[in-house]
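J.: Sequence first, then the predicted structure:
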Amino acid sequence: MTESTKPAYDFIALGETLIDFISSEEVDSLAQADNYHRFVGGQPTNLARNMALLGNHVALGACVGDDYFGQYIIDQLDQLNIDTQFIQKTTESPTTIVPVTRTRGGTPKFMIFRGADAHIQTISPLMDAVANSRIIHTSAFALSREPARPTILQALKIAHASKSWVSLDPNYHPAIWPDMPDFTSFLQKAFQYVDITKPSLDDCERIFSPGLEPTQYAQRFIQWGAKIVILTMGDKGVLLTTASGEVYNMIPNPISVSDVTGAGDAYWAGFLTSLLEGKSPLEAAQMGQALAEIKIETVGPLSIPPDRNFLKERAQSIRYQIIS
């Protein structure tokens, strides 16, 4: 590959960047939290951070307020060697803020003070970079509001046409989609461009309703167009399903749980980096699980690059069952 045809980035994340205030103590609800630590957050942003820690060339397309928190986000991401030239600023809304509970298990409780993240606009330099990158990633959160919704959808369309991988985290929650009762139709429209998705069982139940088996939920996403579905099931492991008919149950290792917040984004990073390195979906799933387990043993976000030899050995220790 010549320099002129080399992809602009290994990975571009599009969508929400925000400030997470995570409770200092483990609590059951935000009403019980008295003290918080500040972190840069947002699913695409967290994933961009992790992808950069693993040595990938990464950019973030997002929007912040023209305020102190917005500049803090940009400064922090610059220190992680994430290209921030596509982070836009707006005076229409402040930077989005999300208080979150710290928990050892279950789903953290949160409130969303929605702001600038929804104001990302279509700009030519960003779309040009999308067309020349290896993986484009976004989230259901990013697709949940105007005017970001058409911007993100246009980027997915461009990436799909350019033969880039498209990944989407279906982190749907009714509270962030107030203007669209028929949200599944819109998500299905987005999924026509998606190659890889990683829902949790909670995501599946909110999107498709409760009561289905994990394999049935995975097939719903395959029917929508996804080529690879990684369904996380907590202590029951991970169900890996491909459009070609492969189904594996990845079995987690017994570990000491310190902080589950961000484990999903660590999984994403291990999985996608492995794909970029030419690994199979099964090998990528093992790497994703290994990095997620390291994150669960760590309080707060991953902050230093993991030792690659240790990570590789841990990935090889991940067992799995062939379902079909």
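T.: That came through, no problem. Given the structure is predicted, the values throughout are model-derived calculations rather than measurements. Numbering: from 1, shown residues only.
J.: okay, CA-based contacts and neighbour counts for the rest of this
T.: Fine.
J.: Off-centre distance for the biggest helix by length in the chain?
T.: Selection of the longest helix in the chain by residue count, based on DSSP state H, yields helix 281-296. In terms of CA atoms, centre = their mean, to the nearest Å, the centre of helix 281-296 is set 14 Å apart from its chain centre.
J.: Does the helix or strand following that helix pack against any helices or strands, and if so which?
T.: The helix or strand immediately downstream of helix 281-296 is helix 308-316, counting by DSSP states H and E. Counting contacts by 3 or more CA pairs under 8 Å, 6 or more residues apart in numbering; DSSP states H and E, helix 308-316 packs against helix 281-296.
J.: pLDDT (mean, whole number) over the helix it packs on?
T.: What helix 281-296 shows for mean pLDDT is 94.
J.: how about it: buried residues?
T.: Within helix 281-296, the residues that qualify as buried are 281-296, counting by 16 or more other CA atoms under 10 Å.
J.: Same check on stretch 315-324?
T.: Buried, per 16+ other CA under 10 Å, within stretch 315-324: 315, 318, 320.
J.: again, but for stretch 127-145
T.: Buried-residue list, stretch 127-145, by 16+ other CA under 10 Å: 127, 129-145.
J.: quick revisit: tell me what angle the longest helix of the chain forms with helix 308-316.
T.: If you take axes from the mean of the first three to the mean of the last three CA atoms, to 10 degrees, helix 281-296 sits at 110 degrees to helix 308-316.
J.: just checking, what packs against helix 281-296?
T.: strand 247-251, helix 263-276, helix 308-316.
J.: Which of those sits closest to N50?
T.: In terms of CA to CA, the element of the helices and strands packed on helix 281-296 nearest to N50 is helix 263-276, at 5.8 Å.
J.: Restrict that closest one to CA atoms and write it as CSV.
T.: C-alpha atoms of helix 263-276 as CSV (Å, rounded to 0.1, in the frame of the first residue of the first chain):
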residue,chain,number,x,y,z
ALA,A,263,-16.0,-3.1,30.8
GLY,A,264,-18.0,-3.1,27.6
ASP,A,265,-15.9,-0.5,26.0
ALA,A,266,-12.8,-2.4,27.0
TYR,A,267,-14.3,-5.5,25.3
TRP,A,268,-15.0,-3.5,22.2
ALA,A,269,-11.4,-2.3,22.0
GLY,A,270,-9.9,-5.7,22.4
PHE,A,271,-12.2,-7.2,19.8
LEU,A,272,-11.8,-4.5,17.1
THR,A,273,-8.0,-4.2,17.5
SER,A,274,-7.8,-7.9,17.0
LEU,A,275,-9.8,-7.6,13.8
LEU,A,276,-7.5,-4.9,12.6
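J.: Just the residues contacting that helix, thanks.
T.: Residues outside helix 263-276 that contact it (CA atoms under 8 Å, 6 or more residues apart in numbering) are 10, 43, 46-47, 50-51, 54, 56, 134, 198, 280-281, 283-293, 295-296.
J.: taking the mean pLDDT, what do you get for stretch 243-260?
T.: Stretch 243-260 comes out at a mean pLDDT of 89.
J.: Which positions in that stretch come out as buried?
T.: 243, 247-252, 257-260.
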